[in-house]
Every structure is written in structure tokens, then in C-alpha cells.
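Asker: Please work out how this folds:
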Amino acid sequence: MRKATCLLISLLIVVGLVPAVSIPGMADDPLFEQIEYVDASGSVAVESCYVLDGSEEVLDSSVSSWYAVSSGVVFGKRLQVTGTVNLILVDDSTDNGASASCGITVSEGNTLKIWGQSGQTGILLCGPFCPGSAGLGSISAGQKCGTIEVYGGSVSGLGAYDSDGIATGIGSVIGGDPAVGTVTGSLKVYGGTVYAGTVSYDAVQLGNFPDPDSGKGICVNDLTVYDGAVESDGGEYGILTSGDFVINGGSVHSDSHGVNAGGILQLNGGRLSSNIKGSATVYAAGGIVIGDSVEFKTPARGRLSADGKTIQNADGSAVSENILIIPKPSLKSYAVTLTGQIGVDFDVLLSKDDIQFYSDSYMEFRINEETFSSVSFDNAVVRDQEKGIYRFTCYVSSVQMAETITPVFHYADGRTVEFASRSVANYVRDVTNDPGTYSLTAINLCKALSDYGYYITPFIQKDGLGVPDDVHMIEGSYREMNDADIATARSGVEAYKLTKSGSTGVISNGTYALLLGSETTIRLKFTAESVDTISVKLGTTELPVERVEISNEGMNYTLKIKNINAAQLADMYTVTVADDDGNEAMIKVSALSYADTIFKSGKFGNDSIAVEAMASLYYYYLAAAAYLSN
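Answerer: Model prediction:
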């Protein structure tokens, strides 16, 4: 914003667009137009506005309470606000903006409300060709400032200081020797972008805009930010208030010399940051209260101080003075990984301007109030770097789909933020109950996933594989698994049966099992007297090492094929074992081979729990393959 301000003012100097003109009577021949703007509720409204052309000196509410200004309009003299005046900044595609180069006076008892249009591209530049004044606010030291409210658009207030060092970007003007004036006025930001700063008048006349070494960026009695972005840069103070400074949302940045609040600094939301020079701090004489919707970390920049007064959280607990305020993370959305490992994705919005402070943070996932797993910030998936959205995923086993997962974000300093609990079953209900949003293949996959969890849990419990008796069960199934369903599944998995070939005697005592966690793993066990090589291929392609695990105790070998997602349950793998003499034995196997084995087993083939579980595995594969193909 500062660069845009400096560029436009420099152009005005070069081409001489700051003429001194006579001002006609405002009520003589007013030009009124119906102008759209975005109101306080965020809706588009229309008002009959006096359209400014640059010849005006006074915005008088007795003439019109609504005015509009477009890009390219240049006011020849300082504007004065009388009464309560609304000003709409018309959207601008040129980035030039409208220029009140001598500033705008809003004195005590008067109010200026600035609005934007739907594009929020309107720009108003106030100052800095009136030395010793505020770009937007008081005209001189001693004049009390009125009320300024910004609802939209981009507003810049730039004050120029002379040898006395007196100037303000937005608000009241104080200073001199002896000191003149008091900190007065009110600034409320509901949206849009606000920049306030100071600059040397001598430098401005030469077209230069060095960093300020005097003056105040924002100087008001009370400052409240509800939304939008505020940046302030002053050589003496970035932000100075005699009363309370409240941040309910948006972002506030003091670019050079910190914040000094005469009252309470109340941080209810949003973001506060400051690039500190020298010993300047974020200081509040009346104490600092940090609300529930903001968080903080040990600083790399800035310091909070209340000079011995209260610094506390909203609940009254004490807070270290050496802290940096950043927003709490918020949960944007959650979803289930439908074709990969079974898990719940939590997309979390973090402060994109403070990403460097999250390096030692992590997300803990709790099930039944106990830690189940965790994901470090460094291992989170970047979903939208520009917005600061990161994905943390909790993978669960096939019998944990009804368990509620509570995500808890941990800062490096030990503070935590807990989000609402979710489960795979929650997501299945959300999707299946909203056919207008989700595709038929997505709904069918969610139903098949739910059925898989419903039928597989009692099978694993019965098989004595360590599933707790009190595990939460999915309530009901979408497919009843009647005789026809099971017959179709039996026939379907026949094509994926396990086969052995090659030299006899290379391997013996083979067993086969599936490990049904969040991902499916094939486990083969066999005995081999001598082994030269073991390879695993999918078609003609060797599987990557991270998907194959081989171990042995003497001649007893265990081989695992890992990371098999739902759409890969039918993939046929060829395991080749070669002995020291060059003899080879081959096993062709898929995850569905296990279902075929169970269906044909004398022990399980007539067990309804077992066959329903294997049928659900087959239908889960079909639904995942159909979803992936679309």
C-alpha cells in the first residue's frame, strides 16, 4: 500500500496534477447518481450520491450525506468533512485511485464513513502535501479529531512532518515544543485496507519517500479493528491510542515503532504484529487481555509489555510478556480418504504470515481420550499455501471407523487448541444424506466403506486378533449380504485366487493372511533352506522398497506387501524366491486371494460372519474402482 501511495504522489508532482481552482457552491448544480456499494452486512446496496469531480473543498452532510469518488479525481485543496458523511470509493481497474493530496480534515463532532464496492478496488489517497497535519484527521496540533470508519476499499493517510517533526498519518496531531494537542478521535475498521504513515515534507517535495524518523502513523483515542487489514508506520509511534485498542478480527501491523495503548489492549481475534526498532514494544498502560480466538508464541519479533500491569488470557491466567500474537488455527473442513488408506483428513487454516513459527508444532489425534497418533507440522500436506491451509490426516484401522477422532493442535510452547471430534462414520452419513452435492459413485463408495467396517469387525473379533470387545460398531449396513450378494462375491474373487508355480522344494510350509489396518497388507510366511534373492513385482514392475518388507529367523521368512488401498485390492503381485542354485518358485497373490481362500475354506466357508466379511471386502473394492475410474 505504501509503494502504491508513493508512486501516485510522485506522478502527481511530476505532471502537476495538484491545481489551485475556485470551488463552486456545492448546492448550485449537484450531480447525483445511483451508486452501488457493499454495506455493513456484506450485501450490495444502492444510494443516491453526489459524485465528486475534484473541485470540492467541503463534504457537507447538509448538501448530501452520500458522496462517491472515482479513480483519477484530484482535489486541489484540503477537503473538510462537516456532519456525518458517507464516501463510496468506486472500483478502479487502474490502481491510480483518487487523490486528496492535501489531506482530509475530520474534526471533533464530525464523522467520515468510507465504503467500497463489490470489487473492493477503489483507492483513496490522503496527503501528504499539508505539512504538520494528518493525512486523514486533524489539520493541525490542537485540533481534536472526529470519527473515521472504514468499511471497504483502500484508504491511505500520509502525514508530512517539517523541522518540528509534527505529523500524523490518520487521527489527531500532537507535538511541538512546548507540546500542543491531545490524542483524540476514533478509528474503526470494519473491512478494506488501511495504511497510515508519515514522511519528511522536504523529501516529498523532491519525490522521495524514505522511512519515517518522526511523527505517528495512527494517533487516536480509540482504535477498533473488526476485519480488514491495517498497516501503520510512524517514526515516533506506529500506533498510539490514549484509550483502548481492540482487535476483533482482521490483521494489524505496526511497521516500525510498535504500539502504545493508553487503555486496555484487547485481543479478541485476528492478528497483531510489529517490526520493532530499538527498544520499542507493544505496550498497554491499562493491561493486555488475550481472548480465546488468538494464540501466541515466543517471539522472533516484537514484545508485549504492560509495565507491570495485567497481561492475561481471557480466562484470567497469566501470560509471559515476551510473546507474539498470532491467530489460533481453525478447522476449515474434514473428509475421508476414499480410495487410499482409511483415514480422516482435517484441513486446518493457519496464519500464513506466521508459518515459520509452526515448525515445532504438531497435531495430536485422540481416540477415547487417549493419544492415538500424531502428525508434525513439517509432515502436513500443503493444501493452499497462499491461504495457509494445511492437511493433517489420522489413519484408522478397519474396525475403528465408528470411533470419534479428536484433533488437538499443539504449539511448541505447550499450548493447545482442540477441534470438534469427527469419525469415518460421520463423514459417511454426511455424504449419503446429501445426494445433491456428492456423485453417485462417491455415495456408493461411502456405503461400501461403511459396510466393510460393519462386517469386518465381528470377523476380526471372532478370529481372536486383539480387537477390544468394547470397540464402537457402525450402526447398520447398506447391503444386507443375502445369498445372491455372497454368490456374486464368491464368483468375483475366483479370478484372483492364489497360485504357485516354478521349482518345487525352493519354499515350503507357506501361509497367507491379510492385515486389515488402515491400509491392507498381504503377509506371506514360508520356509526356505537357501535364498539368493526375493523379488515382488506388479506386472513387470518391481515394487518400490517402501512397499515391501522382508524378514527372517533362520530359514523362516515373512514377506509383507504394504500400502494396498481399496482400489488396489485386486492387483496381482508375483513373488519370486530364487535359491542359491538358481531355482525359482513363484507365488501370484492379491488381497482378494484371501477372500477366495476364506470362501473355499473348510473352517470358514460356511461361517456367515466370515463370508459376509469377505463379500464386503469385494464390494468395497468394486466401489473404489468405480469411483477412481470416474
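Asker: Any regions of the stretch 201-350 of the chain where pLDDT drops low?
Answerer: By pLDDT under 70, the weakly predicted segments of the stretch 201-350 of the chain are 206-211, 255-257, 274-281, 283, 285-328, 338-340.
Asker: so when I look at E546, I'm seeing a helix, right?
Answerer: Yes: counting by DSSP: H, G, I helix; E, B strand; the rest coil, E546 is located in a helix.
Asker: That one: neighbouring residues, count only.
Answerer: For E546, the count of nearby residues is 8 (other C-beta atoms under 10 Å). The way it works is simple: take the backbone N, C-alpha and C, and place the C-beta from them, glycine included.
Asker: again, but for G502
Answerer: G502 has 14 neighbouring residues, counting by other C-beta under 10 Å.
Asker: Spit out the contact partners of it.
Answerer: T576, N583, E584, A585, M586 (C-beta atoms under 8 Å, 6 or more residues apart in numbering).
Asker: D580 against D532, yeah?
Answerer: Yes: between D580 and D532 there is a contact under C-beta atoms under 8 Å: 5.2 Å.
Asker: For these two, indicate the residue with more neighbours.
Answerer: Neighbour comparison, D580 and D532: the larger count goes to D532, with 13 against 10 (by other C-beta under 10 Å).
Asker: Got the phi and psi for the nearest residue to that one once chain neighbours are set aside?
Answerer: Among residues not flanking D532 along the chain, A578 sits closest, at 4.8 Å (C-beta to C-beta, 6 or more residues apart in numbering). Main-chain torsions, A578, degrees, to the nearest 10: phi -110, psi 130.
Asker: what does T457 give?
Answerer: Note on T457: backbone dihedrals following degrees, to the nearest 10 are phi -60, psi -50.
Asker: Quick check, pLDDT for the closest residue in space to it that isn't next to it in sequence.
Answerer: Leaving aside its sequence neighbours, T457 sits nearest to V399 (C-beta to C-beta, 6+ apart; 4.4 Å). At V399, the pLDDT value in this model is 82.
Asker: same deal with Y478?
Answerer: So, for Y478, pLDDT stands at 89.
Asker: Run a quick neighbour tally on it.
Answerer: 16.
Asker: show me what contacts it?
Answerer: Y478 makes contacts with T432, K447, A448, S450, D451, as judged by C-beta under 8 Å, 6+ apart.
Asker: could you check the distance from it over to A623?
Answerer: Here Y478 is placed at a distance of 10 Å from A623 (C-beta to C-beta, to the nearest Å).
Asker: between the two, what contacts are shared?
Answerer: Counting by C-beta under 8 Å, 6+ apart, the residues touching both Y478 and A623 are K447, A448.
Asker: does D451 really touch G476, like I thought?
Answerer: No: under the criterion of C-beta under 8 Å, D451 makes no contact with G476, lying 9.5 Å away.
Asker: So for these two, which residue has more residues nearby?
Answerer: Taking other C-beta under 10 Å, D451 and G476 do not tie; D451 has more neighbours (25 against 9).
Asker: backbone phi and psi for that one, please?
Answerer: According to degrees, to the nearest 10, D451 has phi -60, psi -40.
Asker: Give the helix, strand or coil label for V417.
Answerer: Once three-state DSSP is applied, V417 turns out strand.
Asker: Bridged to it, which residues?
Answerer: Beta-bridge pairing of V417 under DSSP bridges involves F409.
Asker: give me every residue that touches the residue nearest the centre of the chain.
Answerer: Centroid-nearest residue in the chain, with C-alpha atoms, centre = their mean: L349, separated by 2.4 Å. When contacts are counted by C-beta under 8 Å, 6+ apart, L349 touches P329, S330, L331, K332, K387, G388, I389.
Asker: any idea how far the second one lies from S351?
Answerer: In other words, S330. Using C-beta to C-beta, one gets 10 Å for the distance from S330 to S351.
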